[in-house]
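# how would this look folded up:
(one chain, ligands or ions: 3)
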Amino acid sequence: MPRAEKPAAQLVILDRDGVINQDSDDYVKSLDEFLPYPQAIDAIARLSRAGWTVAVATNQSGIARGYYDETTLAAMHERLNALVAAAGGEIAHIVHCPHGPDDGCDCRKPLPGLLERLGTELGIDSLAGSWMVGDSLRDLEAGEAVGCRPVLVRTGKGERTLARHPERSGDDRTQVFDDLAGFVDWLLERQP
Ligand SMILES: O=P(O)(O)OC[C@@H](O)[C@H]1O[C@@H](OP(=O)(O)O)[C@@H](O)[C@@H](O)[C@@H]1O
Ligand SMILES: [Mg+2]
Ligand SMILES: [Zn+2]
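Ligands and ions are numbered 1, 2, ... in the order given. Just a heads-up that it's a prediction; the model follows:
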């Protein structure tokens with residue numbers, strides 16, 4: 001049974017590390033190191049309860065680097081889905097790029113391949129108009145490459161991203177929020 005097509009405008013795509021959970025310059029290498037922000041779990045649940053499709057698109061070069069494996073990553077995402085379900089919401093789909101920067105893949109953000117795969121697997125023809133929330137410039141660029149509206153959060157590497165790219169805080173392209181909860185508050189307030 002093909003999935004019913006979803007209007008992209010009701011889609012929010014989230015980067016993972018630094019948006020949903022604490023990031024680390026040493027990578028998030030184990031389930032014990034996977035520490036979701038409570039505000040983010042609640043925000044995802046609120047979004048999905050309000051009828052939005054929530055998905056995750058994450059670079060996980062730590063796999064290519066040998067820091068952890070697909071089984072460990074799957075355990076992290078099982079934990080994430082369980083926390084969101086316990087909060088009364090759901091994540092429609094999670095996609096990841098397991099490759100390293102020198103592997104020449106087409107799915108490592110800022111390339112658009114990961115988001116394109118997400119759209120295909122969600123049955124969405126065009127991601128134009130959906131929201132892409134990240135803490136790194138590559139998240140925003142990957143989203144813009146497929147027509148998403150970019151949102152930068154200050155959590156994770158967000159402050160560092162803003163310091164390196166101050167134009168992002170002033171332009172009318174990019175919305176900036178302290179955290180995912182702040183973006184969701186804003187988004188849901190503007191929705192009928
Ligand atoms: O933010 P998302 O895409 O969910 O995941 C980022 C992680 O895969 C890691 O990405 C790495 O970048 P390199 O892959 O080494 O360039 C570093 O930034 C790490 O600190 C970070 O934990
Ligand atoms: Mg990130
Ligand atoms: Zn890849």
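
# Next, the buried residues of the lowest-mean-pLDDT helix or strand in the chain.
Lowest by mean pLDDT, DSSP states H and E among the helices and strands of the chain is helix 167-170, with a mean of 86. Across helix 167-170, burial judged by 16 or more other C-beta atoms under 10 Å covers R168. In this view, the C-beta of every residue, glycine as well, is placed from N, C-alpha and C.

# Relative to the helix or strand just after it, what are the paired strands and their orientations?
Counting by DSSP states H and E, the next helix or strand C-terminal to helix 167-170 is strand 175-177. Next to strand 175-177 in the sheet, as set by DSSP bridges, lie strand 149-153 (parallel).

# Centre of the chain to the strand it pairs with, how far?
10 Å (C-alpha atoms, centre = their mean, to the nearest Å).

# List the contacts of that strand.
With contacts defined as C-beta atoms under 8 Å, 6 or more residues apart in numbering, strand 149-153 is touched by 18-19, 129-135, 139-140, 143-144, 158, 161-162, 168-169, 173-180, 182-183.

# OK, contacts around D69?
Counted by C-beta under 8 Å, 6+ apart, D69 has contacts I63.

# how close does it get to ligand 3?
Note on D69: its distance to ligand 3, by C-beta to the ion, to the nearest Å, is 16 Å.

# which parts of this protein sit against ligand 1?
Contact residues (C-beta under 6 Å from any ligand atom) of the chain with ligand 1: 15-18, 23-25, 27-28, 58-62, 101, 136.

# So for the residue of the chain found nearest ligand 2, what's the nearest residue that isn't a sequence neighbour?
Nearest residue of the chain to ligand 2, counting by C-beta to the ion: G18, 3.7 Å away. Nearest non-adjacent residue to G18, counting by C-beta to C-beta, 6 or more residues apart in numbering: G156, 1.7 Å away.

# Identify the residues contacting the one you found.
By C-beta under 8 Å, 6+ apart, the residues touching G156 are D17, G18, V19, Q22, D23, D135, S136.

# that older thread, which ones among the contacts of strand 149-153 map onto strands?
Within the contacts of strand 149-153, residues falling in strands by DSSP state E are W131, M132, V133, G134, Q175, V176, F177.

# Now flag whichever of these is closest to ligand 1.
Set against ligand 1, the nearest of these by C-beta to the nearest ligand atom is G134 (7.0 Å).

# okay, now the nearest residue to that closest one once chain neighbours are set aside: neighbour count?
Counting by C-beta to C-beta, 6+ apart, G134 lies nearest to D15, which is 3.8 Å off, once chain neighbours are set aside. Using other C-beta atoms under 10 Å, D15 has 30 neighbouring residues.

# which helices and strands does the least confident helix or strand of the chain pack with?
helix 158-164 (3 or more C-beta pairs under 8 Å, 6 or more residues apart in numbering; DSSP states H and E).

# Sort out which residues of the helix it packs on are buried, please.
G158, T161, L162.

# If we only consider those residues, which is nearest to M76?
Distance to M76 across those (C-beta to C-beta) is lowest for G158, with 20.7 Å.
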